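Q: Fold the following for me, if possible:
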Amino acid sequence: MIDSCPEEFIVLAGRLADAAGDLVRQYFRRPLAIVDKADESPVTMADREAEARMRDMITRQFPDHGLIGEEHGPDRPDAEFVWVLDPIDGTKAFISGVPVFGVLIALLHDGHPVLGVIDQPISRERWVGAAGHATTMNGAEVRTAPRGELADCVLWSTSPHMFDGDPAASTAFGRLREAVKFVHYGGECYQYGMLASGFIDIVVEDDMRAYDYCALVPVVQGAGGIITDWRGAALGLQSGGKVLAAADADLHARVLPILQD
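A: Below you'll find the predicted structure:
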């Protein structure tokens, strides 16, 4: 894995987010045709068009790079550099008119996330994390702000229903929920930006896909946080769906045993 993400990749990621955001804004809070995919999650024209636009931009500049997208599938996924795209992470929030969704853009080198963008195109907030660089939000560096005690911590997750398919995971999340100050739901990818900016302490999720979490890794890490699976292993294309993000290594180490007990 490269130690520092080249500037040309960071610049392209910004252009991708600009292009996708311009398109997504055109569809936000407008009547949309909603299609149910095989996994029963809704998809809209905005998702498909935004991903297609980003894929075209990447292919024109870096034709040897691989692509993995939620809407249009994989292309050269074994390449040295692979872009992982989720044009609208939080489609249910998007079609409900709630601006906590985001455009997720990741670049992997030899299977490891080295660049990540979380872009909220309505509030126009953009977090960028890259190997060898501090995480920024709209160009200004951000840092996590861990609290001293677990009992004082703020826990977020997109939905408690994420854990319904795994009774052990549901029980584990329940233990953590009882150990923190309070828990809130519905943050989608936006909650990871808030963790990087120091407002949330812990995010725990299940049933995630690579396009859901790859972009989050450099953003959280570049702000001083830790993000892994529930075993403490680094996240990559082959990781399972369980994600734990914490404001620092000490907090992460205290949460892991609760999820694993």
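Q: Now residue 205. Its backbone dihedrals?
A: Phi and psi for residue 205, reported as degrees, to the nearest 10, are phi -140, psi 160.
Q: my guess is it meets residue 243, correct?
A: Yes: the criterion here is C-beta atoms under 8 Å, and residue 205 meets it with residue 243 at 4.7 Å. C-beta here means a position set from N, CA and C on the backbone, and glycine is covered the same way.
Q: how many other residues sit next to residue 250?
A: 12 (other C-beta atoms under 10 Å).
Q: now residue 161
A: By other C-beta under 10 Å, 12 other residues sit near residue 161.
Q: Residue 23 and residue 121, how far apart?
A: Distance, residue 23 to residue 121, by C-beta to C-beta, to the nearest Å: 9 Å.
Q: what do you get for residue 104?
A: Applying C-beta to C-beta, the value for residue 104 to residue 121 is 12 Å.
Q: of these two, who's got more company?
A: Per other C-beta under 10 Å, whichever of residue 104 and residue 121 has more neighbours is residue 104, with 29 against 23.
Q: so the more buried one touches residue 83, yeah?
A: No: using C-beta under 8 Å, residue 104 makes no contact with residue 83, being 10.8 Å away.
Q: Overlap of the contact sets of these two?
A: Common neighbours of residue 104 and residue 83 are not found (criterion: C-beta atoms under 8 Å, 6 or more residues apart in numbering).
Q: residue contacts, the closest residue in space to residue 93 that isn't next to it in sequence?
A: With sequence-adjacent residues excluded and distances taken as C-beta to C-beta, 6 or more residues apart in numbering, residue 93 is closest to residue 101, at 4.6 Å. By C-beta under 8 Å, 6+ apart, residue 101 lies in contact with 88-91, 93-94, 120, 188-190.
Q: And the protein, what are its domain boundaries?
A: Domain segmentation of the chain under automatic domain parsing yields 7-139, 150-260.
Q: And the ones you listed: which comes nearest residue 1?
A: Ranking the domains of the chain by proximity to residue 1 (C-beta to C-beta) places domain 7-139 first, at 4.2 Å.
Q: how would you label the nearest residue to residue 61 once chain neighbours are set aside: helix, strand or coil?
A: Nearest non-adjacent residue to residue 61, counting by C-beta to C-beta, 6+ apart: residue 12, 6.1 Å away. Here residue 12 is recorded as helix under DSSP: H, G, I helix; E, B strand; the rest coil.
Q: Start at 35, not 1
A: Noted, 35 is the first residue going forward, which turns the last one into residue 46.
Q: Model confidence for residue 46, exactly?
A: pLDDT recorded at residue 46 is 98.
Q: Out of the domains of the chain, which gets the lowest mean score?
A: Among the domains of the chain, domain 41-173 scores lowest, at a mean of 91.
Q: end to end, how far does that domain reach?
A: The separation between the terminal residues of domain 41-173, taken as C-alpha to C-alpha, to the nearest Å, is 14 Å.
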